[in-house]
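Visitor: structural data only, the sequence is not supplied:
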């Protein structure tokens, strides 16, 4: 506050130095933190459900290691500055990279299996690349790489190549593939402007919807068949997953934008809520 004695007026000086761009960066940072937390928890819950479909429970150390792996991969991808991603402050990106490194060390402490290097290597090639070549590009390749990383991580923790395990891992591959394309649908206009080839930039909305619904139908039909053959369990969760997946594929492929993080990335959190309620009631 400034007092001007010549004309007996009082002037107030603004103490707020936050510019509109700064507000945008803050909001982006908050949204990113929420996304990271959702992806981290969902990554661990995927492993728990994979064990559940096979009639077991995930050991707590593996559950924690899966969460750390999910965090490390996602934080590293967002910490690396790429032209197709929104700009982030250098300190924020450094914090993401440092915490991703710490999470990686923690995952190996909890689950000292050299095979875990494989998803980390894939994550590095996806986000950073070697000699200018990155896996994060071209139509469909990015989606396959992300889905493969999730399913491969689950396979490493399960530690066997039996038919039930392969069916479960294939199911999670298909689910992850669908979800990554859902996010490409959100970014279709930005990707077209940047010249980035994704499935939604080369196919129409109707074609994308048909592709994702067909893949989801095949994936769920396979695990339904496995259930009725006595190979896996969890039919109620699988049924809810099939209905839920159909809903959000149709919705988000046709310009619905609300609650994407909660309904897509957070689907396994929602299913966990259902199983907790089910167990309390029954």
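Guide: Done, it's in. For clarity, every value in this text was computed on a predicted model and none was experimentally measured.

Visitor: all strands of this protein, in order?
Guide: Applying DSSP state E to the chain gives strands spanning 2-4, 9-11.

Visitor: mean confidence (pLDDT) on the first one, please.
Guide: Averaging pLDDT along strand 2-4 yields 48.

Visitor: and the last one, by the same measure?
Guide: Strand 9-11 shows a mean pLDDT of 50.

Visitor: the longest helix in the chain is where?
Guide: helix 20-53 (DSSP state H).

Visitor: go through that helix and flag the buried ones.
Guide: 25, 32, 35-36, 38-53 (16 or more other CB atoms under 10 Å). Glycine gets a C-beta too; all of them are placed from N, C-alpha and C.

Visitor: look up phi and psi at the closest residue to residue 163 other than its chain neighbours.
Guide: Closest residue to residue 163 apart from its sequence neighbours, by CB to CB, 6 or more residues apart in numbering: residue 231 at 6.7 Å. Backbone torsions for residue 231, taken as degrees, to the nearest 10, come to phi -90, psi -40.

Visitor: residue 231: neighbour count?
Guide: 16 (other CB atoms under 10 Å).

Visitor: dump the residue contacts of residue 106.
Guide: Listed by CB atoms under 8 Å, 6 or more residues apart in numbering, the contact partners of residue 106 are 64, 65, 68.

Visitor: JSON lines for the residues you listed, including pLDDT and neighbour count?
Guide: Listed next are those as JSON lines, based on pLDDT from 0 to 100; neighbours: other CB atoms under 10 Å:
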{"residue": "64", "pLDDT": "97", "neighbour count": "17"}
{"residue": "65", "pLDDT": "96", "neighbour count": "26"}
{"residue": "68", "pLDDT": "95", "neighbour count": "24"}
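
Visitor: need the residues you listed in TSV (columns: distance to residue 212).
Guide: Output for those, formatted as TSV (distance: CB to CB, whole Å):
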residue	distance to residue 212
64	32
65	30
68	30
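
Visitor: so for the longest helix of the chain, mean pLDDT?
Guide: Mean pLDDT, computed over helix 20-53, is 80.

Visitor: which strands and helices sit next to that helix?
Guide: On a contact count with 3 or more CB pairs under 8 Å, 6 or more residues apart in numbering; DSSP states H and E, helix 20-53 meets helix 60-79, helix 141-158, helix 163-186, helix 235-252, helix 267-281.

Visitor: closest one to residue 111 among those?
Guide: helix 60-79 (3.9 Å; CB to CB).

Visitor: for residue 123, which non-adjacent residue is spatially closest?
Guide: That would be residue 73: by CB to CB, 6+ apart, it lies 4.1 Å from residue 123.

Visitor: same question for residue 40.
Guide: In this structure, residue 40 finds its nearest non-sequential neighbour in residue 71, 4.3 Å apart by CB to CB, 6+ apart.

Visitor: count of neighbours near that neighbour?
Guide: Residue 71 has 25 neighbouring residues, counting by other CB under 10 Å.

Visitor: and stretch 58-74, what's buried?
Guide: By neighbour count with 16+ other CB under 10 Å, stretch 58-74 contains the buried residues 58, 62-74.
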